[in-house]
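S.K.: take a look and give me a structure for this.
(2 chains)
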Amino acid sequence: MPSQRQLKSRVRSVKNTKQITKAMQMVAASKMRRAQDATKATAPYTNSAREILAHLAKQGETKGHPLFEAREIKNRLLIVVASDKGLAGAYNSNVSKQYLREVLADRKENIGTKSIAIGRKVTSFVTRLKDAELLGAYEDLPDALEGHELRAALDTAFNQFTNGDVDAVDLIYTEFVSSVTQVAKTERMLPAGSIGAPESDEIREAVFEPDTETVLTNVVYRLLNAQLFQAFLDARASEHSMRMLAMKNATDNAGDLIEDLTLAMNKARQAAITQELAEISGGAEAMK
Amino acid sequence: MKFELVTLAGIKVDSDAYEVRVPTLAGPIGIFPGHEPLVSVAKPGVIAVRYAKSDNDDKLEYFAVSGGVVEVTKQGVRVLVDEADHGDDIVEAESKAALEKALKMQESAKSQVEIEQAQALVDRHQVRLNVAGLRRRNRK
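M.R.: Below you'll find the model as predicted:
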């Protein structure tokens, strides 16, 4: 049994830990609220772009367009989105697991896999894998992302696909379903599928400048950018809510631990007192 | 007519406007009420907006935008861009410093990727600097 003093110092150290985890929980909670609001921001952009795309698809413009062409998949590019920091529960390992599943599936089918990693944790995971081809790594991106920050990653993916270096581009990220549910998932980016959207009458009579193909390529590029952007925002919102939950659990556990340790400490103190009293009365008895 | 400036981070502007000037791949265009329906591709550059017909040039508002898509309908104009910075938010000195830094980066770039990244930065700050310059000229 540990001594009273040892127990006392352990209680103190657990109390400090509890304070830290509590602070991290609060920070994550406020960041989560902001990130959650931000996930809704891309909707108007995506909807407008989809409307134009739906119209072009109806005219048959997407047929034979290189970005819509489904080729036999020999090489695949995976864009993985996770976080720079740990202590977010199973957040990073869920994404890494999903990534590993995709890589193993590719190996079985003899498909070459290339990767782009966003976030420090997942970057180090990818580089540890044997013969992983990492095309780019992006770290320290801010929460309040601006449109241009992911463009380098998108351009790489775009060029790889149009050059024929890869035949498909997939996105792995954590979807933010609600503050308690987040799912790591894989989403296809290229070849672009036809996206159904309600078409307004307005656009039907529109003139396309300089020509429909240029407009189409640009609209698809915007949509992909929006998709990547959205995935990043979802990933951030998920990260913060998972971190909040993980830190809440840690705080609760620290509380339990403090209770147990305090009980043990009190017991040890009482035992010492009892022992001392027994010794005194034993001594008094012997003097008689 | 309605003017909407939609960016990835949300709707930046949603109001009535009399004139919108947009740089497109086919050259700069000015859009007034009653323009024929059109879908075009916007180049990185400066969008100028005149909100009311009676506004002078010094009341024009400028936005530095990256590339995007312009959609003109009977109701108005919708511009989809990755990002847009309002002229008032751009500090000329900062942009100038950033541009110089980007140019330096471009010189010292080793790989093709680095050159492209630097070029994108140079373009971006060049546009911002243009907006800052325009604003200054008109305010004088």
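S.K.: C-alpha only now, for contacts and for neighbours.
M.R.: Noted.
S.K.: the residue located most distally from the centre of chain B: what secondary structure?
M.R.: Relative to the centre of chain B, and counting by CA atoms, centre = their mean, the farthest-placed residue is B:Lys110 at 30.1 Å. In three-state terms, and counting by DSSP: H, G, I helix; E, B strand; the rest coil, B:Lys110 is coil.
S.K.: can stretch B:106-116 be said to contact chain A?
M.R.: No. Using CA under 8 Å from any CA of the partner chain, stretch B:106-116 never reaches chain A; the gap is at least 8.5 Å.
S.K.: name the residues of that stretch that are buried.
M.R.: Neighbour-count burial for stretch B:106-116, with 16 or more other CA atoms under 10 Å in any protein chain shown as criterion, is recorded at B:106, B:114-115.
S.K.: any chance of JSON lines for these, columns secondary structure, distance to A:Glu279 and pLDDT?
M.R.: What follows is the buried residues of stretch B:106-116, written out as JSON lines (DSSP: H, G, I helix; E, B strand; the rest coil; distance: CA to CA, whole Å; pLDDT from 0 to 100):
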{"residue": "B:Gln106", "secondary structure": "helix", "distance to A:Glu279": "84", "pLDDT": "81"}
{"residue": "B:Glu114", "secondary structure": "helix", "distance to A:Glu279": "81", "pLDDT": "74"}
{"residue": "B:Ile115", "secondary structure": "helix", "distance to A:Glu279": "84", "pLDDT": "77"}
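S.K.: skipping adjacent residues, who's closest to A:Val219 in space?
M.R.: Residue nearest to A:Val219 in three dimensions, not counting chain neighbours: A:Ala49, with 6.1 Å by CA to CA, 6 or more residues apart in numbering or on different chains.
S.K.: which residues does the one you found contact?
M.R.: Contacts were defined as CA atoms under 8 Å, 6 or more residues apart in numbering or on different chains; by that measure A:Ala49 touches A:219-220, A:222-223, B:80.
S.K.: narrow the residues you listed to those in helices?
M.R.: Under the assignment DSSP state H, those contribute A:219-220, A:222-223 to helices.
S.K.: secondary structure class for A:Leu77?
M.R.: The assignment at A:Leu77 comes out as strand when based on three-state DSSP.
S.K.: circling back: for the residue nearest to A:Val219, helix, strand, or coil?
M.R.: When the structure is reduced to helix, strand and coil (three-state DSSP), A:Ala49 reads as helix.
S.K.: quick check: of the ones in helices among the contacts of A:Ala49, which has the highest neighbour count?
M.R.: Taking other CA atoms under 10 Å in any protein chain shown to define a neighbour, the member of the ones in helices among the contacts of A:Ala49 with the most is A:Val219, carrying 25 neighbours.
S.K.: B:Val70 is in contact with that one, correct?
M.R.: No. Using CA atoms under 8 Å, A:Val219 makes no contact with B:Val70, being 10.1 Å away.
S.K.: find the residues that touch each one of these two.
M.R.: Between them, A:Val219 and B:Val70 have no joint contacts when contacts are counted by CA under 8 Å, 6+ apart.
S.K.: ok, A:Val80 - contacts?
M.R.: For A:Val80, the residues meeting the contact criterion (CA under 8 Å, 6+ apart) are A:95, A:99, A:115-118, A:122, A:171-173.
S.K.: so for the helix or strand containing it, mean pLDDT?
M.R.: Counting by DSSP states H and E, the element that carries A:Val80 is strand A:75-81. Confidence over strand A:75-81 (mean pLDDT, whole number) is 92.
S.K.: just checking, next helix/strand downstream of that strand?
M.R.: The C-terminal neighbour of strand A:75-81 among helices and strands, as given by DSSP H and E, is helix A:91-108.
S.K.: got the contact list for that following helix?
M.R.: The contact list for helix A:91-108, computed with CA under 8 Å, 6+ apart, reads A:80-83, A:86, A:112-113, A:121-122, A:125, A:172-174, A:184-186, A:238-239, A:242.
S.K.: mind listing which of the residues you listed are in strands?
M.R.: Among those, the members falling in strands (DSSP state E) are A:80-81, A:112-113, A:172-174, A:184-186.
S.K.: need the distance between the two termini of stretch A:58-77.
M.R.: Looking at stretch A:58-77, the gap from its leading to its trailing residue is 29 Å under the measure CA to CA, to the nearest Å.
S.K.: circling back to that earlier point, and the contacts of helix A:91-108, which are buried?
M.R.: Buried by 16+ other CA under 10 Å: A:80-83, A:112-113, A:121-122, A:172-174, A:184, A:186, A:238-239, A:242, out of those.
S.K.: which pair in the residues you listed spans the largest distance?
M.R.: The most widely separated members of the buried ones among the contacts of helix A:91-108 are A:Gly112 and A:Met242, with 32.5 Å between them, by CA to CA.
S.K.: re the thing from before, which one of the buried ones among the contacts of helix A:91-108 is nearest A:Glu149?
M.R.: When the buried ones among the contacts of helix A:91-108 are compared for distance to A:Glu149 (CA to CA), A:Val81 comes out closest, at 13.8 Å.
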